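Asker: fold the following.
(2 chains)
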Amino acid sequence: MVSQRAILNGRVVTPEGLIDGGVLLRDGHIDAVGVFEIPNGAERIDARGRLIAPGLIDVGVFTIDRPAFAAGGITRAVLMPDGAQPIETVALVQHAAAAGKPKVWVHPLAAATRGLRGEELAEVGLMQAAGACGVATGRGWIGNSGVMHRLLAYAGALGLRTVVHAEDAGLAGAAVMTDGETATRLGLVAAPAEAEALAVARDLLLVEATGAPLHFRQVTTARALDLIRAAKRRGLPVSCGVTPAHLFLADSAVTGFRTFAHLSPPLRSEDDRRACIAAIADGTIDLICSGHDPQGPEAKRLPFADAEPGMAGAEALLALSLTLVRDGVIGVERLFELLAGVPARLFGLPGGKIKVGEEADLLIVDQDAPWLIESDNMAAAAGNTPFDGLPVQGRVTRTIKGGVPIL
Amino acid sequence: MSNPPPRPTDGREVHPFPHRHLTGIAGLQPHEIAFLLDEAEQWVQLNRATAKHDDRLAGLTLINAFFENSTRTLLSFEIAGKRLGADVVNMAVAQSSVKKGETLIDTAATLNAMRADMIVIRHESSGAVQLIADKVDCPVLNAGDGRHEHPTQALLDALTIRRRKGRIEGLVVAICGDVLHSRVARSNILSLTALGAEVRVVGPPTLLPPAIERMGVTRFTDFDAGLENADVVMMLRLQRERMAGGFVPSLREYHALYGLTYERLAKAAPDALVMHPGPMNRGVEIASDVADDLDRSAITEQVEMGVAVRMACLDVLTRTRRGVTGW
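Answerer: This is a model prediction of the structure:
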């Protein structure tokens, strides 16, 4: 039986701009965009004038959290290799890739090194054949420059993009915050913000030496963004992402020892936060990700330094990112490039845009619908969000994966 | 005594101390700090008498939960509680046996279920005391949390200075040494700046926290310059593990550059008061002869004021529970 759905009466976000009309879905693919003849037997979905946009592709999540992804309009998630057992074998890649189906497709990143210890290369070639869309250093930085050099050369030759966490481990030490007034007042161990730029500088030099593509999962400081901006100008194959936390919160959010604001990399100064916004505006930042990492009370209801870093970000990813459109930083078409189009291209994934022939991964969002982010009232596996209590605008009303509604 | 800090005068009834817990100096108004100091004066008198007893806390249970090793502070709180007639229970948790964090909330629930009337907590992690305070029904008093705060130390230091100098406002206070790792320094900076002193922090750049100027102090890395004309020289303890952390090269070098000797002290005001929260590393941050100079050093007096200040805090924080009129 041929399954057909017609989404009607919306404004469609396409690579060519906003188009009034709808999208026709057939057999899990996009069959028509804009104004089209509705086939007999097609299920009709009324978008009620709302935005019809590509399903989000979230790069660098730590957990497969289907309810949160569906609620957030995320149809594909690029999974970090840091599990209880690092994704370092073919079997684990296959397991992770199957874990979200059919509702959400998970694209695992292979552990770059065995046990993510940063010492010996893992079998990245075999894992690529099993479905890994890239390799990643995990939550940590590879301190040994020799290992990093070999990793980039090897993964680059396979056509794999290496995803790195940029924080110089020596400078960062046991820090849980960025140097500044808040850390000093709270008496929390902090490191200079330069820990990030230092790591970025080394990795950029190694990219230059090897020609291998590299993605900084999160870049959060002005200095590091300057380095990446310059590297892109020289044509280096580098890309970077950021989470809404670093776009909309500064280190002062930790005041009161709020462990939900304990993140890695840590929240930065207000100046760095503004630099991230500027880097969104000028295109230095390639994508926005949620960094989805739900942590329950056993990991968060602890003294600040003992609590695990990380936030549950999937559900509010789009609502928070829409702030950039409302503030006039970018247009809505560019926003969905950051949230879907670019991630698909960087990691060679299907979807990411609404175009005839593409996978029918999309969402309907009511751009103006107000709601409150509430820790105690989330679809995610845990409600650890530093945005708890924040009123936002923009609610995903439908999420459709492969032509089938999952929300 | 000089002018007390002004209290708000917008016509409203001002409660002298409207706080349930004492987790830090941060959040206290200057007049509230002064209120605690004023309250402590009566206990200084009582403690100097032969019979040192008052039974206002009779029937109340005070638990001293110390998750970090301490002899002096624990003893001081125990004596303070007993002199006010409370039933004092000490829970000294050896550092090694405490699995941090996950047991902390459970411990708080346990203490709460035992119906303590007041819990005094020391913990190695910044913010741990606040975490417990949010989970229990009785007043919680911070006896030191990580590098964050140690409010009763700041109060006893302020009381010592006020008694010796007759005032705090306008004095130049140099806090010297390992400010980075010191909760004593943070609480003292907050209270002394609130009470109108000019506070300096002096130490090697590796042991001064970034952005410390934002707390209203001046930063010095030259010991002599920092001591110049200081009315109070407050030395901090240097933990020996700082050598391993690469913060300073050696004890010998630290003493040469930042140790308080008579020669160094000569840069300060002629009647400068020398203080130290203890325990001292003699010959490291302070020379023995300076520490033992009864005219200059207030170190034993600080210990004495500690008991009085803690009695005042225990009294004030339990007034609501005891049904004292107006609380």
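Asker: list the contacts for the closest residue to residue A:42 other than its chain neighbours?
Answerer: Nearest-residue entry for residue A:42: residue A:4, 3.9 Å, with adjacent residues in sequence omitted and distances by Cβ to Cβ, 6 or more residues apart in numbering or on different chains. Backbone N, C-alpha and C define where each C-beta goes, glycine included. The contact partners of residue A:4, by Cβ atoms under 8 Å, 6 or more residues apart in numbering or on different chains, come to A:24-26, A:31, A:39, A:41-43.
Asker: ok, how many other residues are close to whichever residue of the stretch 51-200 of chain A sits closest to chain B?
Answerer: The nearest approach of the stretch 51-200 of chain A to chain B comes at residue A:187, 3.3 Å away (Cβ to the nearest Cβ). Look at residue A:187: counted by other Cβ atoms under 10 Å in any protein chain shown, it has 28 neighbours.
Asker: so how far is residue B:182 from it?
Answerer: For residue A:187, the distance to residue B:182 equals 9 Å [Cβ to Cβ, to the nearest Å].
Asker: and the helices in chain B?
Answerer: Listed in chain order, the helices of chain B (DSSP state H) span residues B:30-48, B:72-83, B:102-113, B:128-133, B:151-165, B:183-194, B:223-227, B:241-244, B:251-258, B:262-265, B:288-291, B:299-317, B:319-322.
Asker: relative to chain A, which of these is closest?
Answerer: In terms of Cβ to the nearest Cβ, the element of the helices of chain B nearest to chain A is helix B:128-133, at 4.2 Å.
Asker: so residue A:82 is in contact with residue A:139, correct?
Answerer: Yes: the pair residue A:82 and residue A:139 qualifies as a contact (Cβ atoms under 8 Å) at a distance of 5.3 Å.
Asker: who touches both of those two?
Answerer: In terms of Cβ under 8 Å, 6+ apart, residue A:82 and residue A:139 are both contacted by the residues residue A:116.
Asker: so which of those two has more stuff around it?
Answerer: residue A:82 (20 against 17).
Asker: nearest residue to the more buried one in space, please, no chain neighbours.
Answerer: Excluding its sequence neighbours, the residue lying closest to residue A:82 (Cβ to Cβ, 6+ apart) is residue A:138, at 4.6 Å.
Asker: what does the pLDDT read for that neighbour?
Answerer: Residue A:138 is assigned a predicted lDDT (pLDDT) of 96.
Asker: could you look up the SS state of it?
Answerer: Using DSSP: H, G, I helix; E, B strand; the rest coil, the structure places residue A:138 in coil.
Asker: how much space between the closest residue to residue A:193 other than its chain neighbours and residue B:213?
Answerer: With Cβ to Cβ, 6+ apart as the criterion, residue A:193 has its nearest non-adjacent residue at 4.8 Å, and that residue is residue A:221. Residue A:221 sits at a distance of 21 Å from residue B:213 (criterion: Cβ to Cβ).
Asker: more neighbours: which of the two?
Answerer: More crowded of residue A:221 and residue B:213, by other Cβ under 10 Å: residue A:221, with 26 against 14.
Asker: residue A:67 touches residue A:380, doesn't it?
Answerer: Yes: under the criterion of Cβ under 8 Å, residue A:67 makes contact with residue A:380 at 7.0 Å.
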